[in-house]
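Chemist: Okay, sequence plus prediction incoming.
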Amino acid sequence: MNPSPNARGPVEPRQRTQSSRVSIESPTTWPAVSVIMPVLNEERHLADAVSRILAQDYPGELELVLAVGPSRDRTQEIAERIAAEDPRIIMVANPTGRTPQGLNIAIRASQYSILVRVDGHSLLPADYVRAAVETMEETKADNVGGIMAAEGVTPFEKAVARAMTSPIGVGNARFHTGGAPGEVETVYLGTFRRSALERVGGYDETFVRAQDWEMNHRIRRTGGTVYFTPRMRVTYRPRPNLRALAKQYFHTGRWRRVVGREHQGTLNLRYLAPPIAVVAMAVGVVAGAVGFWPGWILPGGYAVAIVLGAVATGRGLPPSAWARLPLVYATMHVSWGLGFLTSPPRLGQPKT
C-alpha cells in the first residue's frame, strides 16, 4: 500500500482565525473547537446527534461540519434543515459516502485547531467537549478519547450492548470495557490536534474501515500520544439485528487484517483469537464428521464456554436479552474470524 500522504487525501495547513490560535495551555482561555461528522443514511439518529453537539456545556467557540454522503433516506433533507437553523453548522458534500473521505473533507472545511470526531449516530454527553479539551491540556496528547458506551433499546440490542462492553465479546480494549486513564493504542472517535493530523497526512482513504486504529497508529509512530480517559463517554447504538451485526463484524475482521498487513507487528492475541477459534472449530467439525469423535470437543467446548460466559456477564439483563447473549457472542466471534481469514490480499490496495 502506498504510504505517502497523497494516498490519504492530505490535510493541508490552512489559515486560522484568531480564536483558533489560542493555546489550550491557559486554564482561563478555552480554544475554539471544530466538530467533524461524516454522515450517511442517518435519518434515524442525525437530529439527536446534532442537538447533543450544539448543546455542549463548553465555554469556547464551537462549529460543526457535516460531510454528507449520497444517502438512501432523508439524511440530506434533515441535514439541510438543521444547517439552515444554526449558523454554527457547515454542510459539505462527501460524494463517495465513505467515512475516511468524509472525515478528510470535513477537516479541510473546518477552521479551528482542535477537531472532535463524531459519528452521525453518536450521542454526546453535555460535558464531552469540555472533558476532551481539559484532558488534552493536562496530558499534552495529540488525540484523546473515551468510552464507547453501547446502549440498546430492544432485547437484541441490549444483548449486543452487553457483549460490546465485555472482554468476552471484544477483548480488553479500554474504550470498550473502561479502565484507568492512560496512553493506549487507539480510542473511540477521538479529539485531535490539527497539527497531528497535518503531520501524518490525514485519514488514509484506502481504509474503508478500521481507519481510526490506522490513524492512531501513525500518530503514535510519529511520536504522538493517544490518551484514554473514562471521563469521555459516548452513547453508541448497536446493530438492530443478527444479520447487521454479522456484517459489521465480518467487515471489521477483514479490515483489521489489512491494518496488520500494512503495519507489521500490530497483530496480537486479542486480534488473532477469533480466527484461531474458527479454524479450530472447523477442524473439529470435519474430524468429528469423518468419525474421529474427539473432534467434536472443539466446537462443543466453545459452545459450552460461550453459554457459561453469557451466564457470567448477563446479570441484570432482562431474560429476553440474556437468552440472546450466547448467540450474539458467537456471531461476533465467528463473523470477525471469518472476515479476518477471508480478507483478500488486494483489499485496501490502491486501484491501478
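Modeler: Good, I have the coordinates. Computed from a predicted structure; not experimentally measured. Residues are numbered from 1 along each chain as shown.
Chemist: In which helix or strand does the residue lying closest to Arg98 once chain neighbours are set aside reside?
Modeler: Nearest non-adjacent residue to Arg98, counting by CB to CB, 6 or more residues apart in numbering: Val208, 5.8 Å away. Heads up, the C-betas are built off the backbone N, CA and C, glycines and all. For Val208, there is no host helix or strand (DSSP states H and E).
Chemist: Tell me if I'm right that Val208 and Gly97 touch.
Modeler: No: if you go by CB atoms under 8 Å, Val208 and Gly97 don't touch, sitting 10.4 Å apart.
Chemist: Quick check: pLDDT value at Ser20.
Modeler: The score at Ser20 is 36. That number is its pLDDT.
Chemist: Can you get me a residue count around the residue nearest to Gly295 when sequence neighbours are not counted?
Modeler: Among residues not flanking Gly295 along the chain, Ala287 sits closest, at 2.8 Å (CB to CB, 6+ apart). The tally of other residues near Ala287 (other CB atoms under 10 Å) stands at 16.
Chemist: now Arg74: how far from Glu134?
Modeler: To Glu134, Arg74 is 37 Å away according to CB to CB, to the nearest Å.
Chemist: same deal with Gly300?
Modeler: 51 Å.
Chemist: more neighbours, those two?
Modeler: Neighbour count, other CB under 10 Å: between Gly300 and Glu134, Glu134 has more, with 17 against 14.
Chemist: Secondary structure element holding the more buried one?
Modeler: helix 128-139.
Chemist: Show me what the helix or strand following that helix is packed against.
Modeler: Sequence-wise, the next helix or strand downstream of helix 128-139 (DSSP H and E) is strand 143-150. Other elements packing on strand 143-150 under the criterion 3 or more CB pairs under 8 Å, 6 or more residues apart in numbering; DSSP states H and E are helix 128-139, helix 155-164, helix 174-177, strand 188-193, strand 226-236.
Chemist: Mind listing the strands strand 143-150 pairs with, and their directions?
Modeler: strand 188-193 (antiparallel), strand 226-236 (parallel) (DSSP bridges).
Chemist: Dump those strands to a markdown table, plus mean pLDDT and distance to His251.
Modeler: Converted to a markdown table, the strands paired with strand 143-150 look like this (pLDDT from 0 to 100; distance: least, CB to CB, whole Å):
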| stretch | mean pLDDT | distance to His251 |
| --- | --- | --- |
| strand 188-193 | 94 | 18 |
| strand 226-236 | 92 | 17 |
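Chemist: which of the ones you listed is buried the deepest?
Modeler: Each of these was scored by mean neighbour count; the highest is strand 188-193, a mean of 24, by mean count of other CB atoms under 10 Å.
Chemist: Can you name the element that comes right after that one?
Modeler: Heading C-terminal from strand 188-193 (DSSP H and E), you reach helix 194-200.
Chemist: chain center to that following helix: distance?
Modeler: 19 Å (CA atoms, centre = their mean, to the nearest Å).
Chemist: Okay, buried residues for it please.
Modeler: For helix 194-200, burial by neighbour count (16 or more other CB atoms under 10 Å) applies to Arg194, Ala196, Leu197, Glu198, Arg199, Val200.
Chemist: Tabulate the CA atom coordinates of that helix in CSV.
Modeler: C-alpha atoms of helix 194-200 as CSV (Å, rounded to 0.1, in the frame of the first residue of the first chain):
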residue,chain,number,x,y,z
ARG,A,194,-5.0,19.7,13.9
SER,A,195,-1.2,19.7,13.9
ALA,A,196,-1.1,16.0,14.5
LEU,A,197,-3.5,15.3,11.6
GLU,A,198,-1.4,17.5,9.3
ARG,A,199,1.8,15.8,10.4
VAL,A,200,0.5,12.3,9.3
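Chemist: so what does that helix touch, helix or strand wise?
Modeler: Using 3+ CB pairs under 8 Å, 6+ apart: helix 194-200 touches strand 114-117, helix 211-221.
Chemist: so what's the residue nearest to the spatial centre of the chain bridging to?
Modeler: With distances taken as CA atoms, centre = their mean, Tyr188 lies nearest the centre of the chain, 4.9 Å away. Counting by DSSP bridges, Tyr188 forms beta bridges with Gly146.
Chemist: how much space between it and Ala149?
Modeler: On the measure of CB to CB, Tyr188 and Ala149 end up 9 Å apart.
Chemist: Going along the chain, name the strands of this protein.
Modeler: Using DSSP state E, the strands of the chain run over 33-39, 62-68, 89-93, 114-117, 143-150, 182-183, 188-193, 226-236.
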